[in-house]
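*Asks:* just a sequence and a predicted model for now, questions to come.
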Amino acid sequence: VVGAFSLEALLGTVKAFDARIQALRPHPGQERCASMLRELLNDSQIMDSHADCSKVQDPYSLRCMPQVHGAVLDTLDHIATVLEREINSVTDNPLVFAGTKETRSGGNFHGAPVAFALDYLAVVLTSLMSISERRIEQLVNPHLSSGLPPFLMKDTGLNSGFMIAQVSAASIVSEGKVLAHPASVDSIPSSANREDHVSMGMTAAVKALQIVEYVEIVLGIETMCAAQGVDFRAPLRAGTLVSQIHDAYRKRVPFAAQDSVLAPWINDSAEWIRTGSWKLNSPEL
């Protein structure tokens with residue numbers, strides 16, 4: 001959804017999301033993402049306005065959304081399977097088998113499956129916010145934004161616009177990259193060396209949770225910038241669904257006509273992402 005916002009604001013094309021392209025590399029998440037983007041961008045006046053422009057291809061951060069976002073979706077499906085299997089498992093030690101009245105000491109307590117999954121989560125979500133930050137840069141940079149005003153605000157020079165929003169996103173992404181280093185590759189023995197290989201799963205969980213919060217902020221910043229960009233494309237209208245989502249977002253975060261303190265808007269945008277307010281009860285989303 002947020003990527004569709006940015007694509008509209010940046011005068012990108014929907015052609016890279018053609019179903020025939022995805023069918024030649026049929027990862028389920030990729031096909032699902034491309035389908036959602038086509039639905040979101042349907043009936044866009046902004047798209048129609050530059051159908052014969054001179055650009056050959058969009059940057060990867062726009063063109064490769066199905067490949068990147070789709071891989072994230074597939075990974076999330078895998079992680080969900082692992083975690084659902086885990087919460088329905090027995091991890092006690094020793095185990096008592098009531099039918100035979102036998103006990104066995106085993107290793108079901110070892111956290112490797114969950115630690116690996118949470119490290120995987122940290123990696124893919126860091127990649128997701130990294131590609132989001134690249135779209136934010138496209139939006140605020142007048143050399144890349146296809147005619148949008150510098151830093152998404154009129155009278156820049158007097159106004160800094162959304163410059164610091166991109167700086168904030170870049171800082172958060174960089175911190176996420178550090179946190180994305182896997183915890184599960186580490187181990188330190190304890191308990192007189194009986195526990196000589198451990199998963200470090202709690203560390204993986206704490207880091208992954210922090211990255212989830214960072215992703216919400218970065219996607220919120222992208223939404224704030226992309227919505228501003230879509231406003232500058234008026235009177236042309238974005239795709240039907242994007243327009244509906246844009247109108248709903250504007251009830252939460254206003255258009256920025258001049259410099260203001262951005263923190264409240266960024267927080268509101270992150271909350272808008274966190275609570276799923278962008279879904280509009282749409283079955284397509």
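*Replies:* Noted; the coordinates are in hand. Predicted model only: the values in this text are computed from it and were never measured.

*Asks:* from now on I want contacts and neighbour counts done on CA atoms only, so please keep to that.
*Replies:* Noted.

*Asks:* may I see the buried residues of stretch 260-280?
*Replies:* Buried residues in stretch 260-280, counted by 16 or more other Cα atoms under 10 Å: 262, 265-274, 278.

*Asks:* my read: Gln102 touches Pro94, true?
*Replies:* For residue 102 the amino acid is Glu, not Gln. No: using Cα atoms under 8 Å, Glu102 makes no contact with Pro94, being 10.1 Å away.

*Asks:* who has more neighbours, the two?
*Replies:* Set side by side, Glu102 and Pro94 show more neighbours around Pro94, with 13 against 9, by other Cα atoms under 10 Å.

*Asks:* what about the more buried one, distance to Thr100?
*Replies:* 15 Å (Cα to Cα, to the nearest Å).

*Asks:* now do stretch 104-112, average pLDDT.
*Replies:* Averaged over stretch 104-112, pLDDT sits at 96.

*Asks:* worst-scoring helix or strand of the protein, pLDDT-wise?
*Replies:* helix 45-49 (a mean of 93; mean pLDDT, DSSP states H and E).

*Asks:* now for it, which elements pack on it?
*Replies:* If contacts are counted by 3 or more Cα pairs under 8 Å, 6 or more residues apart in numbering; DSSP states H and E, helix 45-49 sits against no helix or strand.

*Asks:* show the subsequent helix or strand relative to it.
*Replies:* Later in the chain than helix 45-49, the nearest helix or strand by DSSP states H and E is helix 60-63.

*Asks:* please point out which parts of the helix or strand following that following helix sit buried.
*Replies:* Sequence-wise, the next helix or strand downstream of helix 60-63 (DSSP H and E) is helix 65-87. Buried residues in helix 65-87, counted by 16+ other Cα under 10 Å: 65-76, 79, 82.

*Asks:* swap in stretch 52-66?
*Replies:* In stretch 52-66, the ones that count as buried by 16+ other Cα under 10 Å are 58, 61-66.

*Asks:* then stretch 168-185?
*Replies:* Buried, per 16+ other Cα under 10 Å, within stretch 168-185: 168-170, 172-173, 176-177, 179-180, 182-184.

*Asks:* quick one: the residue nearest to Asn267 when sequence neighbours are not counted and Ser168, what's the gap?
*Replies:* Take Asn267 and drop its neighbours on the chain: the residue closest to it by Cα to Cα, 6 or more residues apart in numbering is Ile217, 7.2 Å away. Using Cα to Cα, we find Ile217 at a distance of 9 Å from Ser168.

*Asks:* what helices and strands are in contact with the host helix or strand of Cys33?
*Replies:* Taking DSSP H and E as the definition, Cys33 sits inside helix 28-40. Helices and strands touching helix 28-40, by 3+ Cα pairs under 8 Å, 6+ apart, are helix 19-23, helix 65-87, helix 240-250.
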